[in-house]
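K.L.:
Sequence isn't available, so here's the structure alone:
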């Protein structure tokens, strides 16, 4: 396209019109709509209060159960650093203990302890529980296998000892006759 043809296609300056801009009118909310909205907010706030109380009780019950179940199995369970949210920082290792405390070891060398029972840490609690529960299952399965193996060993040894002691009892009984 040459300069002449570009000039020919462009409209002359006097043909350009400027559109008038009017302020966008915001729809007016009626008093009734505002009142309904505020009542809905009040209902939500009431429900949030009730739910927060229920959540607090559930967290306390969960951690009490976790403590009872975890104490005989392990003093801590590792938490995958990759499962943790970015807000906790650059974590290289993390562990949760039976009391619900999360130990975080950061890449810069500092250590941080978070109480998962605290309301501000509830989302973190959920992340940790989701990561730890499969590991907890592995711990319980391993503990079950250990007990089963001990029972199997002791059953075999006990049967053999019973057989031997029976034979000795028979010998002693014959000698006394």
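P.N.:
Here it is on my side, so go on. Note that the structure is a prediction, hence the values are computed from the model and not measured. Numbers count the residues shown, from 1 in each chain.

K.L.:
average pLDDT for stretch 142-162?
P.N.:
What stretch 142-162 shows for mean pLDDT is 95.

K.L.:
Using the three-state scheme, assign residue 141.
P.N.:
helix (DSSP: H, G, I helix; E, B strand; the rest coil).

K.L.:
what's around it, how many residues?
P.N.:
10 (other CB atoms under 10 Å). Heads up, the C-betas are built off the backbone N, CA and C, glycines and all.

K.L.:
Can you get me a residue count around residue 132?
P.N.:
Counted with other CB under 10 Å, residue 132 comes out at 22.

K.L.:
Dihedrals phi and psi, the most centrally placed residue in the chain?
P.N.:
In the chain, the C-alpha closest to the average C-alpha coordinate belongs to residue 127, at a distance of 2.1 Å (CA atoms, centre = their mean). With angles defined as degrees, to the nearest 10, residue 127 sits at phi -60, psi -50.

K.L.:
buried sites along the one helix or strand residue 102 maps to?
P.N.:
Taking DSSP states H and E as the definition, residue 102 sits inside strand 101-106. Neighbour-count burial for strand 101-106, counted by 16 or more other CB atoms under 10 Å, picks out 101-104, 106.

K.L.:
now, among the residues you listed, which is nearest to residue 149?
P.N.:
residue 103 (31.5 Å; CB to CB).

K.L.:
Once you drop chain neighbours, what's closest to the closest one?
P.N.:
Computed as CB to CB, 6 or more residues apart in numbering, the closest residue to residue 103 that is not its neighbour in sequence is residue 95, at 4.7 Å.

K.L.:
Confirm that that neighbour sits in a helix.
P.N.:
No: per three-state DSSP, residue 95 lies outside any helix segment and is strand.

K.L.:
got the contact list for it?
P.N.:
Shown in contact with residue 95 (CB atoms under 8 Å, 6 or more residues apart in numbering): 76-79, 102-103.

K.L.:
The same query, at a cut-off of 6 Å, please.
P.N.:
76, 78, 103 (CB atoms under 6 Å, 6 or more residues apart in numbering).
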